[in-house]
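1. Generate coordinates for the sequence data below:
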Amino acid sequence: MIGEVLQFRDLQELCRPGKRPRLATVERWARQRKIRVQYDGQGGVWTTTTALNQALGVDLQKEQSDAYCASELI
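-> Numbering: from 1, shown residues only. This is a model prediction of the structure:
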């Protein structure tokens, strides 16, 4: 992973931990989970942690804003 970017190897590990699934398998896995991916120039795909969280239904901005309500700080 480079910063917020999940590279093809990261997606392979998420798709099938401990194995190296083919591109088609990773693409199908991502599509089924509605994870938006882009193609890289080396025969793989990549995505961002934001896209992954969105597909998983994790809204980090909402969680962070709920954690520190301004009215509670006064």
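
2. quick one: contacts of the helix or strand hosting residue 31?
-> In the assignment (DSSP states H and E), residue 31 maps to helix 23-32. Helix 23-32 is contacted by residues 8, 11, 12, 15, 16, 21, 37, 43, 44, 45, 47 when judged by C-beta atoms under 8 Å, 6 or more residues apart in numbering. The way it works is simple: take the backbone N, C-alpha and C, and place the C-beta from them, glycine included.

3. Quickly run through the sheet partners of whichever strand in the chain runs longest, with directions.
-> Determined from DSSP state E, the single longest strand within the chain is strand 45-48. Here strand 45-48 is paired, per DSSP bridges, with strand 5-6 (antiparallel), strand 38-39 (antiparallel).

4. Can you list the neighbours in contact with the first one?
-> Just to be clear, that refers to strand 5-6. Under the contact criterion C-beta under 8 Å, 6+ apart, strand 5-6 has outside partners 14, 46, 47, 48, 49, 52.

5. between the helix or strand encompassing the first one and helix 23-32, how big is the angle?
-> Looking back up the chat, that one is residue 14. Using DSSP H and E, residue 14 maps to helix 8-15. Helix 8-15 and helix 23-32 meet at an angle of 60 degrees, taking axes from the mean of the first three to the mean of the last three C-alpha atoms, to 10 degrees as the criterion.

6. follow-up on the earlier one: using neighbour counts, trim the contacts of strand 5-6 to the buried set.
-> 14, 46, 47, 48, 52 (16 or more other C-beta atoms under 10 Å).

7. if we can go back for a sec, which of the contacts of helix 23-32 scores worst on pLDDT?
-> Ranked by pLDDT, those bottom out at residue 43 (90).

8. Distance-wise, check that one relative to residue 13.
-> For residue 43, the distance to residue 13 (C-beta to C-beta, to the nearest Å) stands at 17 Å.

9. of those two, who's got more company?
-> Neighbours per residue, other C-beta atoms under 10 Å: of residue 43 and residue 13, the larger number sits with residue 13, 15 against 8.
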